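In: Next comes the sequence, and after it the predicted model I'd like to discuss.
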Amino acid sequence: MTRVAIFDYGAGNIFSLKNALEKQGVTVEVQTQVDKLKGYDGIFLP
(Lines give C-alpha, C1' and ligand atoms only; values in the text may rest on other atoms or scores of the structure.)
Protein backbone atom coordinates (compact mmCIF):
# COMPACT_ATOMS: atom_id res chain seq x y z
CA MET A 1 0.00 0.00 0.00
CA THR A 2 1.24 3.48 -0.85
CA ARG A 3 1.91 5.77 2.10
CA VAL A 4 2.24 9.51 1.56
CA ALA A 5 2.49 12.63 3.69
CA ILE A 6 0.87 16.00 3.15
CA PHE A 7 3.02 18.74 4.61
CA ASP A 8 0.75 21.26 6.32
CA TYR A 9 2.51 24.63 6.35
CA GLY A 10 -0.68 26.59 7.05
CA ALA A 11 -1.91 27.30 3.52
CA GLY A 12 -4.08 25.43 1.06
CA ASN A 13 -6.98 23.02 1.39
CA ILE A 14 -5.15 19.92 2.57
CA PHE A 15 -8.29 18.05 3.55
CA SER A 16 -9.66 17.99 -0.02
CA LEU A 17 -6.33 16.56 -1.19
CA LYS A 18 -6.33 14.04 1.68
CA ASN A 19 -9.86 12.85 0.84
CA ALA A 20 -9.07 12.52 -2.87
CA LEU A 21 -5.96 10.43 -2.17
CA GLU A 22 -7.76 8.21 0.34
CA LYS A 23 -10.50 7.50 -2.21
CA GLN A 24 -7.73 6.09 -4.43
CA GLY A 25 -6.60 3.73 -1.66
CA VAL A 26 -3.59 5.74 -0.52
CA THR A 27 -2.67 5.91 3.16
CA VAL A 28 -2.30 9.61 3.99
CA GLU A 29 -0.81 11.32 7.02
CA VAL A 30 -0.74 15.08 7.59
CA GLN A 31 2.58 16.30 8.99
CA THR A 32 3.53 19.74 10.29
CA GLN A 33 7.20 19.05 11.10
CA VAL A 34 9.85 18.63 8.42
CA ASP A 35 11.81 16.10 10.47
CA LYS A 36 8.85 13.69 10.36
CA LEU A 37 8.70 13.52 6.54
CA LYS A 38 11.15 10.62 6.16
CA GLY A 39 9.99 7.13 5.23
CA TYR A 40 7.04 8.03 3.00
CA ASP A 41 6.55 6.90 -0.59
CA GLY A 42 5.68 10.48 -1.50
CA ILE A 43 5.24 13.96 -0.05
CA PHE A 44 2.69 16.56 -1.16
CA LEU A 45 3.28 20.28 -0.72
CA PRO A 46 -0.13 21.83 -1.44
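Out: Sure, I can see it.

In: Would you enumerate the residues in contact with residue 4?
Out: When contacts are counted by Cβ atoms under 8 Å, 6 or more residues apart in numbering, residue 4 is found next to 21, 26-29, 40-44. No exception for glycine: its C-beta is placed from N, CA and C like everyone else's.

In: quick one: which of those residues sit in helices?
Out: Using DSSP state H, residue 21 are the members of the contacts of residue 4 that sit in helices.

In: Just the buried ones from the contacts of residue 4, in ChimeraX syntax?
Out: Restricted to buried positions by 16 or more other Cβ atoms under 10 Å, the ChimeraX selection for the contacts of residue 4 reads:
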select :21,28,40,44
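
In: Export the contacts of residue 4 to JSON lines and append columns for pLDDT and distance to residue 9.
Out: Shown next, in JSON lines, are the contacts of residue 4 (pLDDT from 0 to 100; distance: Cβ to Cβ, whole Å):
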{"residue": "21", "pLDDT": "98", "distance to residue 9": "18"}
{"residue": "26", "pLDDT": "98", "distance to residue 9": "20"}
{"residue": "27", "pLDDT": "98", "distance to residue 9": "21"}
{"residue": "28", "pLDDT": "99", "distance to residue 9": "16"}
{"residue": "29", "pLDDT": "98", "distance to residue 9": "15"}
{"residue": "40", "pLDDT": "99", "distance to residue 9": "16"}
{"residue": "41", "pLDDT": "98", "distance to residue 9": "20"}
{"residue": "42", "pLDDT": "98", "distance to residue 9": "17"}
{"residue": "43", "pLDDT": "98", "distance to residue 9": "12"}
{"residue": "44", "pLDDT": "97", "distance to residue 9": "11"}
